[in-house]
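>>> Predicted model follows, preceded by the sequence.
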Amino acid sequence: MRHLFLTVHECAFGEVLLARRIAEELALGGDEVWYLAPRALAPALRGAAVRFGTIDHARGLTDRVLSAIVADSGADSVFLVDAMSTFSALASMGQDCGRLVALPAPVLALDVWDLATSGLVIDFTDGWFELDARVLGVPRLVPVPFARPTAAGAYRSLRAPTVDPAARARGRARLGLAAGDAMVLFPTATWQHVEAVKPQTQPSARAVPALLAAYVKAAGARLVHVGPWRLPGIEVLGDAYHHLPQLPPAEFADLMAAADLLLSLNASATSIGGALAARVPVLLLHHESPPARVGAPSLAPFRAWPYGLSRLLAGVLANNPFAGVVASAELLDEPAVLGALESLLRDPRAIAEARQRTDGYLAEVATLPSGRERYLEALRTARP
């Protein structure tokens, strides 16, 4: 069979990494995958067993063009990566999302956010947006983590857990880290940077990196940042700040293995799954409460910095074992953040307990179907 994977939003780097794993599983089973995505997402697919084509002008995806692409490709299915970003991007362009469910091939979608649980109202920092309800009529694959293992369409999105000393040595040598250096890995996506966000979101995008830098410096650690641009306001770290561009999966895996801690400001980040598989402790920071001290910045609530999604992601995290596996703290609660950094970087007992929780969670995730199994199951139930 031939499958057409489609990404229209140029910032969907993490979603493409999840889709890549499904594509490679399908290819191993003898199927063929064609992938259309903006050129900026090519690094996420470098070396993948897919045929890649660029689609940099989503405004040109008219009914006729989309139908022609599907027909010309001979696709037996179309996979939207992902449901929320595809429907929201096309809606923002004034296009009718209904045509996505009327293509001349069955349509499936990746659903990172588990929309059946989180709901269709997206609480961005700069306002609320409601997805077209027809998105729920598309058969969806829900990756775990971060969704609940019991979610409809849930599948295991993690590679097999591994601890690779050689990968750790390669990653640390690349950065020139000494044996005693504590390394905090902080990945960011394009949509988290001040260069890419809307004006209403820029204050948070500018203010938060300085807070992180102060925390990491106080913890005596090095901050290794992987993202499209350097972070603003992190001068306090000096040469303890390392910036790397977005990396192909194999290189990022070496970097993850080299880390002592993954720091994240996005509860749904795909890098958290990579950390769990590598048995690297995770500290997830969020913001819900007013400033905890005089002089602290005034920030909009978020669980996916800087865009918000506090309400949306709280719904997915409720009664979710994922929330008990990663350590979390309020961004503006300095004692809590510093305490978590200290324990997860240097306390052998805390590190061992974190890994024990991770192992239990991974054992539960391992019982789920693979992405390929769930894809083929969804395809059988999709519109003929």
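All right, it came through fine.
>>> can you pull the pLDDT of D63?
With respect to pLDDT, D63 has a value of 62.
>>> Who are the contact partners of the closest residue to L265 other than its chain neighbours?
With C-beta to C-beta, 6 or more residues apart in numbering as the criterion, L265 has its nearest non-adjacent residue at 3.7 Å, and that residue is W305. C-beta coordinates here come from the backbone N, C-alpha and C atoms, glycine included. W305 is in contact with 192, 204-205, 208, 265-266, 285, 287, counting by C-beta atoms under 8 Å, 6 or more residues apart in numbering.
>>> Tabulate those residues in a markdown table, adding columns for secondary structure.
Converted to a markdown table, the contacts of W305 look like this (DSSP: H, G, I helix; E, B strand; the rest coil):
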| residue | secondary structure |
| --- | --- |
| Q192 | helix |
| S204 | helix |
| A205 | helix |
| V208 | helix |
| L265 | coil |
| N266 | strand |
| L285 | strand |
| H287 | strand |
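>>> now, among the residues you listed, which is nearest to A89?
A89 has its nearest neighbour among the contacts of W305 in Q192, at 17.2 Å by C-beta to C-beta.
>>> Near the closest one, how many other residues are there?
26 (other C-beta atoms under 10 Å).
>>> next one: P203
P203: 17 neighbours (other C-beta under 10 Å).
>>> What of the one 10 residues further on?
Other residues within reach of A213, judged by other C-beta under 10 Å, total 22.
>>> Confirm for me that it is in contact with I234.
Yes. Look at A213 against I234 with C-beta atoms under 8 Å: they come within range, at 4.0 Å.
>>> who touches both of the two?
Contacts common to A213 and I234, judged by C-beta under 8 Å, 6+ apart, are 223, 241.
>>> show me where pLDDT drops low in the chain?
56-63, 161, 289-297, 383-384 (pLDDT under 70).
>>> In it, what residue spans correspond to helices?
Ranges of helices in the chain, per DSSP state H, are 13-28, 42-45, 63-73, 83-92, 115-118, 165-175, 202-218, 249-258, 270-277, 310-317, 334-346, 348-365, 371-381.
>>> Out of those helices, which is the most enclosed?
helix 270-277 (a mean of 24; mean count of other C-beta atoms under 10 Å).
>>> Contacts for that one next, please.
14-15, 17-18, 143, 145-146, 157-162, 185, 187, 252-253, 256, 259, 262, 264, 281-282, 284, 325-326, 358, 361-362.
>>> make it 6 Å
With contact meaning C-beta atoms under 6 Å, 6 or more residues apart in numbering, helix 270-277 is reached by 14, 17-18, 145, 158-159, 161, 187, 256, 262, 264, 282, 358.
>>> tilt between it and helix 348-365?
100 degrees (axes from the mean of the first three to the mean of the last three C-alpha atoms, to 10 degrees).
>>> Alpha carbons of helix 270-277, as CSV, please.
Listed in CSV are the C-alpha atoms of helix 270-277, where the atom choice follows Å, rounded to 0.1, in the frame of the first residue of the first chain:
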residue,chain,number,x,y,z
THR,A,270,8.0,14.8,22.0
SER,A,271,11.5,15.1,23.6
ILE,A,272,10.0,14.0,26.9
GLY,A,273,9.3,10.6,25.4
GLY,A,274,12.9,10.4,24.2
ALA,A,275,14.1,11.3,27.7
LEU,A,276,11.9,8.6,29.3
ALA,A,277,13.2,6.0,26.8
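>>> Just list the residues touching A147, thanks.
D114.
>>> redo that, cut-off 8 Å
112-114, 117, 154, 316, 320, 322.
>>> And it, its phi and psi?
phi -70, psi 170 (degrees, to the nearest 10).
>>> same question, the one 4 residues further on
A151 has phi and psi values of phi -60, psi 150 when expressed as degrees, to the nearest 10.
>>> ok, it - contacts?
A151 touches 114, 116-117, 142, 144, counting by C-beta under 8 Å, 6+ apart.
>>> try it again with 6 Å
Per C-beta under 6 Å, 6+ apart, neighbours of A151: 114, 142.
>>> What separation is there between it and P321?
12 Å (C-beta to C-beta, to the nearest Å).
>>> V337 and Y215 touch, don't they?
Yes. Using C-beta atoms under 6 Å, V337 is in contact with Y215, at 5.3 Å.
>>> circling back: could the contacts of helix 270-277 be laid out in JSON lines, adding distance to M93?
Listed next are those as JSON lines, based on distance: C-beta to C-beta, whole Å:
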{"residue": "G14", "distance to M93": "22"}
{"residue": "L17", "distance to M93": "25"}
{"residue": "L18", "distance to M93": "24"}
{"residue": "P145", "distance to M93": "31"}
{"residue": "L158", "distance to M93": "34"}
{"residue": "R159", "distance to M93": "35"}
{"residue": "P161", "distance to M93": "41"}
{"residue": "P187", "distance to M93": "28"}
{"residue": "M256", "distance to M93": "35"}
{"residue": "L262", "distance to M93": "34"}
{"residue": "S264", "distance to M93": "30"}
{"residue": "V282", "distance to M93": "35"}
{"residue": "T358", "distance to M93": "41"}
